[in-house]
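A.B. asks: this is a predicted model, with the sequence first.
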Amino acid sequence: MLHKKYSTKEIREIASKIIKNNPALVSKLEKVPFEEKIDVKELFVEVLKFLFLVGKNNQTLTPSLNVDLAWHEFILFTRTYHQFCDNHFGRYIHHQPEENIAKNNSNFQKTIKLYIITFGEPKKEFWGCYAHSEWESAQCGSCEAI
């Protein structure tokens, strides 16, 4: 289990180091067909925030669709992803597709609540709608972190 609590600033620094050592990651993220134009470096910070939530809370969580799509690209950098997980969590955070929509929505709600507690209000362009009632119908990723 994750023992250190990481701030957004620290996570941003970790993201910058990963991107610096893997410049192709930004190129890959820029090719993902997001519905809106997204700052992919900031999106990558959100991917790491999601992974830190999983590592800290040791729960099955579901990311937003945008975070999930970016997470897919990070996982393709297998050595870097494995080292990141090992260094920060002492374990590999697995990516598991899940077709149960109700389970995904429930895990997404759990993710948003933990995000707010840990990092504050999530940004709409990365996580969906701001209003809590709207999150229930927001499009989450169809994958879980385990």
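C.D. replies: Yes, it's here.
A.B. asks: please, which helix or strand holds residue 68?
C.D. replies: Element membership of residue 68, judged by DSSP states H and E, is helix 65-75.
A.B. asks: for that helix, the distance to its chain's centre please.
C.D. replies: 7 Å (C-alpha atoms, centre = their mean, to the nearest Å).
A.B. asks: that one: what's the following helix or strand?
C.D. replies: Following helix 65-75 in sequence, per DSSP H and E, is helix 78-89.
A.B. asks: and that following helix, what's its mean pLDDT?
C.D. replies: Helix 78-89 comes out with an average pLDDT of 96.
A.B. asks: elements contacting the helix or strand following it?
C.D. replies: Where DSSP H and E defines the elements, the next helix or strand beyond helix 78-89 is strand 95-97. Under the contact definition 3 or more C-beta pairs under 8 Å, 6 or more residues apart in numbering; DSSP states H and E, strand 95-97 sits against helix 65-75, strand 143-145. (Each C-beta comes from the backbone N, C-alpha and C, glycine too.)
A.B. asks: which parts of strand 95-97 are buried?
C.D. replies: Using 16 or more other C-beta atoms under 10 Å as the test for burial, strand 95-97 gives residue 95.
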